[in-house]
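Q: Everything below, folded, please.
(chains A and B)
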Amino acid sequence: MFALGIETSCDETAAAVVRDGREILSNVIASQLDLHAEYGGVVPELACRKHIQVIDGIVERALAESGLGLAEIDLISVVRGPGLIGALLIGVNYAKGLAWGQGLPLVPVNHVEAHVYGSAMSNPQMEFPAVGLVASGGHTSLFVIENLGKYRRLGETTDDAVGESFDKVASLLGLPYVGGPEVEKLALKGDPNVIRFPRGLTKKRSYNFSYSGLKTAVLYHVKGYGKTKRDRDRISEKERADVAASFQEAALDVLVQKAVRAAEEFRARSIAVGGGVAANRRLRELFHGCAAKLGVAVHFPAPELCTDNAAMVAGLGHRLYTKDASAATYDFDAEANADFFQ
Amino acid sequence: METPRSDNTSVCRTQVTHSPSETVELGKALGECLTVGDVVALYGELGSGKTTLTKGLAAGLGAGRQEGVRSPTFVLLNLYKGRFPIYHIDLYRVHTLDRLHDIGFEEYAFGDGVMVIEWAEKAEQVLPEKAIRVRLKTINESSREIRVEFPDKNRRICL
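A: Sure, this is the predicted structure:
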């Protein structure tokens, strides 16, 4: 069975074709293409209404790369939320039109849920119950997965998302955008034990996260305030690297601590990590260290499934549809705050 | 609270808060007197308390605790249910006015609810005249100087 996935929840316009929920035949993401020649302009990273201009071409390209025609597609799946409403509407309405015109089943999926499915897609042997962690620029969510499609939310960030804190610390340290990978690179040269930055909400039993205090602590360390105020340029390379390493350690430590605690409490057999931060190598090291002791397998998505993409959308749509065909419907709207557990 | 400094058109109030929870309280007091169509423009560097103040604004506007106020830096816009819709916009990643248009800025600015904008300096040219400007300044680790500028001295001011 061939599923076409469409994702327009925020910055990215993406389309992908996936066979039987696992095998990725194509995975096209607008910002990763040189669209200048094709569309006569650069597609900006914040392309909400630009989705309209490129979506048709992106879908065509996903089909062409998969070697299939639209007539061979069996199912269309689209992200209905959460995300930016104007951006979501474009993907949802496009998918409805396409599915209706072709007489195909259409499966709406949740963006955060699709991130977790990205992990399962890359690791077919994943065992349940599992703890799911989605860590990205826009999301920091932890939940228990009884089985794919059955979730219970444990917690989420109460202020900044973890990926956002990486990006803001990168900006404080004068690193270029996109900041997360730059912080990780700089951290390799630093000592994570030099500065003990705060670990948000780790003293409480809560599974919620807080990254605003960590961001502010790094800000004070780098720039000072009042009499201690200093210029960023006055910091040595060594100290910058130590700040990056110590920040990264604090930010990731909280994710690992909470996910592992949840795995113990809910007797999970595996932990599934998704989202852009899942690409961070130090996070993978920390998880593998902890989980080995605990006897829990930790699964990460393939690198191309970490950041926003439509392959995970096609995969999840297929999975939901084969489990229960009533997952397909034309009767739904884009939802900015689509709850995870509908 | 200091004595307000007024000119013909606007009224300013400046207050120093000494903890995040005091910043939330101030936001709540301001939120309680907001009404449909109001735009609150927030200015202040990284870590100055813009999102924290917004938690208070949302509470003052009747959003329950379940309407978790979070930073919209990456998602650009969060929507909360209060007495009326609260559009929480973050322009940190928005670098040109074109992109403001892309996210549907005008529709929210003249819409059915209250709009709260972080990093409002990036939208200065398109902010409505009636916008309430709030400037946050870091004094030290826990204290913030928060200056609220009401554009029209005749409107109800509850701070």
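
Q: Stretch A:149-158 near chain B anywhere?
A: Yes: against chain B, stretch A:149-158 shows contacts by CB under 8 Å from any CB of the partner chain at A:156-158. Glycine gets a C-beta too; all of them are placed from N, C-alpha and C.

Q: Let's have those in CSV, adding pLDDT, secondary structure and neighbour count.
A: Formatted as CSV, the residues of stretch A:149-158 next to chain B follow (pLDDT from 0 to 100; DSSP: H, G, I helix; E, B strand; the rest coil; neighbours: other CB atoms under 10 Å in any protein chain shown):
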residue, pLDDT, secondary structure, neighbour count
A:E156, 92, strand, 19
A:T157, 94, strand, 25
A:T158, 93, coil, 20
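
Q: can you pull the contacts of B:A63?
A: Contact analysis of B:A63 by CB atoms under 8 Å, 6 or more residues apart in numbering or on different chains lists B:69, B:80-82, B:86.

Q: Which ones among these lie within strands?
A: Taking DSSP state E as the definition of strands, those contribute B:80-81, B:86.

Q: ok, now which ones touch the residue nearest to A:D56 when sequence neighbours are not counted?
A: Sequence neighbours aside, A:Y94 is the residue nearest to A:D56 in space, at 7.7 Å (criterion: CB to CB, 6 or more residues apart in numbering or on different chains). For A:Y94, the contacting residues are A:6, A:8, A:55-56, A:59, A:78, by CB under 8 Å, 6+ apart.

Q: what two of those are the furthest from one another?
A: A:D56 and A:V78 (14.2 Å; CB to CB).

Q: Give me the more crowded residue out of the two.
A: A:V78 (30 against 13; other CB atoms under 10 Å in any protein chain shown).

Q: Tell me what that one is bridged to.
A: With DSSP bridges applied, A:V78 shows beta-bridge pairing to A:I6, A:P108.

Q: where's it relative to chain B, distance?
A: 18 Å (CB to the nearest CB, to the nearest Å).

Q: can you give me the helices for chain B?
A: Using DSSP state H, the helices found in chain B span residues B:20-32, B:50-60, B:97-102, B:105-109.

Q: so which of these is the most packed in?
A: The highest mean neighbour count among the helices of chain B, using mean count of other CB atoms under 10 Å in any protein chain shown, belongs to helix B:50-60: a mean of 26.

Q: can you list the ones in strands among the contacts of B:A63 in CSV and add neighbour count and distance to B:T14?
A: Compiled in CSV, the ones in strands among the contacts of B:A63 are given as follows (neighbours: other CB atoms under 10 Å in any protein chain shown; distance: CB to CB, whole Å):
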residue, neighbour count, distance to B:T14
B:Y80, 25, 27
B:K81, 16, 31
B:I86, 25, 25
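
Q: can I get the residues you listed in JSON lines with distance to chain A and pLDDT?
A: Shown next, in JSON lines, are those (distance: CB to the nearest CB, whole Å; pLDDT from 0 to 100):
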{"residue": "B:Y80", "distance to chain A": "9", "pLDDT": "89"}
{"residue": "B:K81", "distance to chain A": "9", "pLDDT": "89"}
{"residue": "B:I86", "distance to chain A": "12", "pLDDT": "92"}
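
Q: what number of residues lie near A:G174?
A: By the measure other CB under 10 Å, the count of residues near A:G174 is 12.

Q: sorry, back to before: among the contacts of B:A63, find me the one that's closest to B:S10.
A: Nearest member of the contacts of B:A63 to B:S10, counting by CB to CB, is B:I86, at 23.6 Å.

Q: show me what contacts the closest one?
A: Counting by CB under 8 Å, 6+ apart, B:I86 touches B:57-58, B:61, B:63, B:79-80, B:113-116.

Q: If we ignore the residues flanking it in sequence, what's nearest it?
A: B:Y80 (4.3 Å).

Q: And the pLDDT for the residue most central in space within chain B?
A: For chain B, the residue nearest the mean C-alpha position is B:V40 (3.8 Å; CA atoms, centre = their mean). Note on B:V40: pLDDT of 96.

Q: Quickly list what it is bridged to.
A: Here B:V40, judged by DSSP bridges, has bridge partners B:V116, B:I132.

Q: residues touching residue 78, list them.
A: Going with chain A. By CB under 8 Å, 6+ apart, the neighbours of A:V78 are A:5-7, A:91-92, A:94-95, A:106-109, A:313, A:317.

Q: that's the wrong chain, I wanted chain B
A: Contacts of B:N78 by CB under 8 Å, 6+ apart are A:336-337, B:69-70, B:72, B:88.

Q: at 10 Å what do you get?
A: A:82, A:84, A:138, A:336-337, B:54, B:58, B:67-72, B:86-90, B:116 (CB atoms under 10 Å, 6 or more residues apart in numbering or on different chains).

Q: do the same with B:S48
A: When contacts are counted by CB under 10 Å, 6+ apart, B:S48 touches A:216, A:219, B:23, B:42, B:135-139, B:144-146.

Q: hang on, the earlier thing: mind putting the residues of stretch A:149-158 next to chain B in CSV, distance to A:D331 included?
A: Converted to CSV, those look like this (distance: CB to CB, whole Å):
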residue, distance to A:D331
A:E156, 28
A:T157, 32
A:T158, 34
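
Q: ok, so of those, who is nearest B:L97?
A: When these are compared against B:L97 (criterion: CB to CB), the nearest one is A:T157, at 29.5 Å.

Q: can you pull up the bridge partners for that closest one?
A: A:F209.

Q: so it makes contact with A:S206?
A: No: the pair A:T157 / A:S206 is not scored as a contact, 11.4 Å apart, by CB atoms under 10 Å.

Q: just to revisit the earlier point, most neighbours out of the contacts of A:V78, which is it?
A: A:V313 (36 neighbours).

Q: And the nearest residue to it once chain neighbours are set aside, how far from B:V16?
A: Once flanking residues are discounted, A:V313 sits nearest to A:G5: 3.5 Å by CB to CB, 6+ apart. Distance of A:G5 to B:V16, given as CB to CB, to the nearest Å: 51 Å.

Q: can you check B:S142 too?
A: Taken as CB to CB, the span from B:S142 to B:V16 is 11 Å.

Q: tell me, what's touching these two both at once?
A: Common neighbours of B:S142 and B:V16 (CB under 10 Å, 6+ apart) are B:E22.

Q: buried set for the helix or strand containing the residue nearest to A:D56?
A: Element membership of A:Y94, judged by DSSP states H and E, is helix A:85-102. By neighbour count with 16 or more other CB atoms under 10 Å in any protein chain shown, helix A:85-102 contains the buried residues A:85-96, A:98-99.

Q: pLDDT of it, averaged?
A: Rounded mean pLDDT across helix A:85-102 is 93.

Q: now it, how far from the centre of its chain.
A: 22 Å (CA atoms, centre = their mean, to the nearest Å).

Q: now stretch B:116-128
A: Worked out by CA atoms, centre = their mean, stretch B:116-128 lies 10 Å from the chain centre.

Q: Just the endpoints, please. Distance across it?
A: Start to finish, the residues bounding stretch B:116-128 are 12 Å apart (CA to CA, to the nearest Å).

Q: Mind listing what's buried along that stretch?
A: Applying 16+ other CB under 10 Å to stretch B:116-128 flags B:116-120, B:122-123, B:127 as buried.

Q: With that, I have no additional questions.
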